[in-house]
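Sequence first, predicted model second:
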Amino acid sequence: MSVASPVTAPPSPARQSAVTIRRYESRDREAVRHLCCETGFLGKAIDPVFQDREIFADYLTRYYTDIEPESSFVLEQEGIVKGYLLGSYRPFRQQLFNFFNNIHLFTRGMAKYPFYNKATRDFIGWILRTSWKEVPKAPRRSAHFHFNILPEAQGLAHSTKLMNSYLEHLRCKNVRQVYGQVVTFEARRGARVFERYGFQVLNRSEITKYRKTHPEPVYLTTVLKELR
């Protein structure tokens, strides 16, 4: 599943000039994991619904930082990593990694389960019983991405530069198609934001775990772009 931060109004020229988009480096690993956890719950910190940040970051970032780092980019503002796009154009390698990584994470999670708080146990229960039924279909042989930016560094210009860096990387690898699965709701951001980047919406499915914590339906939406 991919998660993206909201795209808001363009930043001021001063803020734009302080932003750098560059390729991910190994020194960025902890910053990327921290940012993933700080934005993991509808753009806010994941802690109220899942207390184990190590498992959460391993699930969402480990493949990209440890196995295919050449396909990821970071947004740096005044020397601090405040956004990232983690991508992959090797779907079979990523799916094979996920198979074994998920078994490992499940084993770790079950060993800690008695010590987790109620919110975390409820979250795990939703993952085991329901989440697999709510993930919309996605192309299995296409490149994909995972995308997050802290609120203070958001802006359409920054997001566009980050996305264009990844799309150019894919074109250099002769990749023909890329998709993302993004959490969307109208108050935060809709799938139409990705239409600005030339993506089309394939499908979407409501994520029921947010019904008790958010006033409007939250969806996981699959967006797809053909590369030329």
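Alright, I've got the coordinates. Numbers count the residues shown, from 1 in each chain.

Output the longest helix belonging to this structure.
Longest helix of the chain, by residue count under DSSP state H: helix 91-112.

Toward the C-terminus from that helix, list the very next helix or strand.
Proceeding N to C from helix 91-112, the next assigned helix or strand is helix 118-126, under DSSP states H and E.

Which of the residues in that next one are classified as buried?
Within helix 118-126, the residues that qualify as buried are 120, 123-124, counting by 16 or more other Cβ atoms under 10 Å. Where C-beta positions appear, they are placed from N, C-alpha and C, glycine not excepted.

Kindly reformat these as TSV containing distance to residue 168.
Formatted as TSV, the buried residues of helix 118-126 follow (distance: Cβ to Cβ, whole Å):
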residue	distance to residue 168
120	40
123	37
124	39
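
returning to what we had before: helices or strands next to the longest helix of the chain in the packing?
helix 53-62 (3 or more Cβ pairs under 8 Å, 6 or more residues apart in numbering; DSSP states H and E).

Mind listing residues that contact the helix it packs on?
1, 3, 32-34, 36-37, 40, 46-47, 50, 86, 101-102, 105, 108-109, 146 (Cβ atoms under 8 Å, 6 or more residues apart in numbering).

Just those residues: which are in strands?
86, 146 (DSSP state E).

Low-confidence ranges, the chain, go.
Residues of the chain meeting the criterion pLDDT under 70: 1-17, 186-191.

Provide a complete list of residue ranges assigned to helices in it.
Under DSSP H, the chain gives helices at 13-17, 29-38, 53-62, 91-112, 118-126, 132-134, 156-172, 192-195.

looking at those, which is closest to residue 226?
When the helices of the chain are compared by Cβ to Cβ, helix 156-172 sits nearest residue 226, at 11.1 Å.

Could you pull out the buried residues of that closest one?
Using 16+ other Cβ under 10 Å as the test for burial, helix 156-172 gives 158-159, 161-163, 165-167, 169-170.

Closest to residue 206 out of the residues you listed?
residue 159 (24.8 Å).

so the closest one makes contact with residue 145?
No: the pair residue 159 / residue 145 is not scored as a contact, 11.8 Å apart, by Cβ atoms under 8 Å.

ok so, going back, any chance of the buried residues of helix 156-172 in CSV, with distance to residue 204 too?
CSV is the format used below for those (distance: Cβ to Cβ, whole Å):
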residue, distance to residue 204
158, 25
159, 20
161, 26
162, 23
163, 20
165, 26
166, 22
167, 22
169, 27
170, 23
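
Dump the longest helix of the chain to PDB, keeping only the CA atoms.
The C-alpha coordinates for helix 91-112 follow below in PDB (Å, rounded to 0.1, in the frame of the first residue of the first chain):
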ATOM      1  CA  PRO A  91       8.000  -5.900  -9.100                       C
ATOM      2  CA  PHE A  92       8.900  -9.600  -8.800                       C
ATOM      3  CA  ARG A  93      11.900  -8.900  -6.600                       C
ATOM      4  CA  GLN A  94       9.800  -6.700  -4.400                       C
ATOM      5  CA  GLN A  95       7.000  -9.200  -4.100                       C
ATOM      6  CA  LEU A  96       9.400 -12.000  -3.200                       C
ATOM      7  CA  PHE A  97      11.000  -9.700  -0.600                       C
ATOM      8  CA  ASN A  98       7.600  -8.900   0.800                       C
ATOM      9  CA  PHE A  99       6.600 -12.500   1.200                       C
ATOM     10  CA  PHE A 100       9.500 -13.300   3.500                       C
ATOM     11  CA  ASN A 101       9.600  -9.900   5.100                       C
ATOM     12  CA  ASN A 102       5.900 -10.100   6.100                       C
ATOM     13  CA  ILE A 103       6.400 -13.600   7.700                       C
ATOM     14  CA  HIS A 104       9.200 -12.100   9.700                       C
ATOM     15  CA  LEU A 105       7.200  -9.100  10.700                       C
ATOM     16  CA  PHE A 106       4.200 -11.300  11.700                       C
ATOM     17  CA  THR A 107       6.500 -13.400  13.900                       C
ATOM     18  CA  ARG A 108       7.900 -10.300  15.600                       C
ATOM     19  CA  GLY A 109       4.500  -8.800  16.100                       C
ATOM     20  CA  MET A 110       2.900 -11.900  17.600                       C
ATOM     21  CA  ALA A 111       5.800 -12.100  20.100                       C
ATOM     22  CA  LYS A 112       5.100  -8.600  21.200                       C
END
